[in-house]
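J.: the following comprises the amino acid sequence and a computationally predicted model.
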Amino acid sequence: MTESPFIDAVRSSSPPGYRVANLATQRARESRFARQLLGFAALLAATVVGLWHELGLRQPLAYLEPGHGLSWWTALGSGLAGAVTGAFVARRLQKPGATLPWLMLATALVASGSGFAWFGSFTRPGVLDATAVGVPYAGCGLATLTLVAAARALWFRAAAIGVFERAIDPGFCVATTIALGTAAGAMTVVGFLRAATLLGMTLATLAIWATTLIGVAERQKLRNAPWIRSVALLVFVASLLAFSHGSRLVTVDDLRRFDGAIVYASSSPRNHYVVTSGQASFALFVDDRLELSTLDGYRYAEALVHPAMTIAPRRSKVAVLGGGKWLVEREVLRYDDVEHVAVVTPDGALPRLARGAPWTAGAARSALRGGRLEIVVDEPIAWLDAAGPQYDVIIVDVPDPVTYGDAKNYTWYFYSRLRARLGPRGIAVAQVTSPFSSPETHRAILATARAADLAVLPYRAPLPTFGEWGFALLARTLPAKPRSVRGDLSFLDGPALLSMFAAPIDANSSGGDIVNRLYDMTLLDIFAREARDR
């Protein structure tokens, strides 16, 4: 059998340590080199495919697919444009072998920083748009450039020594498959911030490996190989530090507790906030409790706001207790005669997060900048108790009574102070938990409000995320039920509004005699028991 001229060249020009004394040993070395080359090629190809998926598909889908801001197709088009550009540039490289390690290191840096770019721009709309275009273009472009350069530098020459004939054996194939499968599995469980840093560390390691393989393939030592290895080590350490920092931004406990992809997380002295992405929607969790879902958040906000705003004789001054997520405030600001909105929130970090979040994009963000809003960082019950003006409409959007701090916003004292802060003909509205999944809690809240000398008119709305949810209009004397709303809403119209006040025959909002008080928060135990029994 005639040997390949390339094999003869390798034998005569091998670097130190590669030349051997006899043909059998030489062939064994060649086979070992072929297996190394095939393993390098398989790992590099898998890494590039992982980069295309992570930077061009997975990250944009999580941040853009819920439908706020730029379209996901914009990011996909940017990634494809980058890949075409990378392939075009790679075909014109004069020395692909010498350039390849540097390309791999540049790609590693972009990959390691991509998750942080998305994460950091989540609450910065303009920066998020730039990230949606720039990261897929740069990442997919460099990844394609690296792959084509590697093919030109190694693959075509490797064919001359019969890589496939020498390297393919059952043990090698099984080991390679296990390694790539393990890496792919790890990518899906470490989260967005850390998944791309793993690709960065892999590319930095491959860059070191490439300096040896290119030297053998080109039959001469690669220039600046020591410098390349030193820089590659620094890039690896930088990617490792990024992986560690990502674990602090999104903890392992967070990854275990939440099913969706975590796209943002932050903490204040009071609360821990996590935003997940999934099913084409964002979900905001505050201390592990679901507070908002863009899937049906507009339904909740419209059901809470518009019945009260519709029947209120005046709407000049409005207060939102427990607000700051901006969906409720957006609905209030639809009314041109609203002059002032006091948003009372116990944690100022929430309105800062939500103001720049994608769900307040477009017209909502413009309305929030209109100057009619006042942010008051205070406990709702303390704000009600303080001396202050009366309001035409008060919207109570406080969390469910899970803790003593939350349950105090469902006490007789809270509702009595609420009554005092309402104008003579003022209207209040409150979310009063689900009459279906927590009926005893629901009835106790209504009984507590009635005990505070408030007229109560309960109603309910279907919410896909929370189920059937309860609300109540509160006033000194309630006017007639609302029969119409604004015509430009997404969920409510006249028939839907009437159906909310028509309780089904199995509903029972009367008969409760439990009054929740500051010194006897029976409601807390009732809600906890109903939550356990669901």
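T.: Sure thing, it's come through.
J.: who touches residue 260 in this structure?
T.: Contact analysis of residue 260 by C-beta atoms under 8 Å, 6 or more residues apart in numbering lists 276, 277, 278, 279, 283. Using the backbone N, CA and C atoms, a C-beta is placed for each residue, glycine as well.
J.: how close does it sit to residue 271?
T.: 19 Å (C-beta to C-beta, to the nearest Å).
J.: got it, and residue 101?
T.: From residue 101 to residue 271 the distance is 46 Å (C-beta to C-beta).
J.: comparing these two, which residue is more hemmed in?
T.: Of the pair residue 101 and residue 271, residue 101 is the one with more neighbours under other C-beta atoms under 10 Å, namely 29 against 16.
J.: any idea which element that one lies in?
T.: Taking DSSP states H and E as the definition, residue 101 sits inside helix 96-121.
J.: wait, residue 404 sits on residue 521?
T.: Yes: Residue 404 sits in contact with residue 521 when judged by C-beta atoms under 8 Å, with a separation of 6.3 Å.
J.: out of these two, which sits in the busier spot?
T.: residue 521 (19 against 10).
J.: and the residue nearest to that one when sequence neighbours are not counted, what is it in contact with?
T.: Nearest residue to residue 521 in three dimensions, chain neighbours excluded: residue 407, at 4.7 Å (C-beta to C-beta, 6 or more residues apart in numbering). When contacts are counted by C-beta under 8 Å, 6+ apart, residue 407 touches 401, 516, 521, 523, 524, 527.
J.: and if we set it to 10 Å?
T.: Contacts for residue 407 (C-beta atoms under 10 Å, 6 or more residues apart in numbering) come out as 398-401, 414, 516, 518, 521-527.
J.: most surrounded residue in those residues?
T.: In terms of neighbour count, residue 516 stands highest of those at 28 neighbours, by other C-beta under 10 Å.
J.: in what helix or strand does residue 70 lie?
T.: Per DSSP H and E, there is no helix or strand for residue 70.
J.: hang on, the earlier thing: just how off-centre is the helix holding residue 101 within its chain?
T.: 22 Å (C-alpha atoms, centre = their mean, to the nearest Å).
J.: same deal with stretch 513-520?
T.: The answer for stretch 513-520 is 39 Å, by C-alpha atoms, centre = their mean.
J.: end-to-end on it?
T.: 14 Å (C-alpha to C-alpha, to the nearest Å).
J.: quick one: contacts of it?
T.: The contact list for stretch 513-520, computed with C-beta under 10 Å, 6+ apart, reads 381, 401, 404, 407-415, 440-441, 443-445, 447-452, 522-524, 526-527.
J.: in stretch 447-467, what's buried?
T.: Neighbour counts using 16 or more other C-beta atoms under 10 Å place 447-452, 454, 456-463, 465-466 of stretch 447-467 among the buried residues.
J.: chain center to that stretch: distance?
T.: In terms of C-alpha atoms, centre = their mean, the centre of stretch 447-467 is set 32 Å apart from its chain centre.
J.: please apply the same query to stretch 225-238.
T.: The answer for stretch 225-238 is 32 Å, by C-alpha atoms, centre = their mean.
J.: let's have the chain start at 43 instead
T.: Taking 43 as the first residue, the last one we looked at is stretch 267-280.
J.: which residues touch it?
T.: For stretch 267-280, contacts defined as C-beta under 10 Å, 6+ apart pick out 140, 142-144, 146-151, 154-155, 239, 242-254, 256-257, 264, 266.
J.: got a quick ChimeraX command for the buried subset of the residues you listed?
T.: One line in ChimeraX is enough to select the buried members of those, burial here meaning 16+ other C-beta under 10 Å:
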select :140,142,143,144,146,147,148,149,150,151,154,155,239,242,243,244,245,246,247,248,249,250,251,252,253,254,256,257,264
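J.: where are the low-confidence patches of the chain?
T.: Scanning the chain for pLDDT under 70 picks out the ranges 43-76, 110-111, 197-231, 259-262, 403-409, 547-554.
J.: could you tell me the end-to-end distance of stretch 430-448?
T.: End-to-end for stretch 430-448, by C-alpha to C-alpha: 23 Å.
J.: measure the residue nearest in space to the middle of the chain to residue 494 for me?
T.: The centroid of the chain falls nearest to residue 305 when counting by C-alpha atoms, centre = their mean (2.2 Å). Distance from residue 305 to residue 494, counting by C-beta to C-beta: 41 Å.
J.: can you pull out the strands in this protein?
T.: 303-309, 314-320, 323-328, 331-335, 359-363, 382-387, 415-419, 433-438, 464-473, 497-505, 509-517 (DSSP state E).
J.: would you turn the ones you listed into a markdown table with distance to residue 525?
T.: Output for the strands of the chain, formatted as a markdown table (distance: least, C-beta to C-beta, whole Å):
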| stretch | distance to residue 525 |
| --- | --- |
| strand 303-309 | 41 |
| strand 314-320 | 37 |
| strand 323-328 | 31 |
| strand 331-335 | 29 |
| strand 359-363 | 22 |
| strand 382-387 | 25 |
| strand 415-419 | 30 |
| strand 433-438 | 18 |
| strand 464-473 | 15 |
| strand 497-505 | 13 |
| strand 509-517 | 14 |
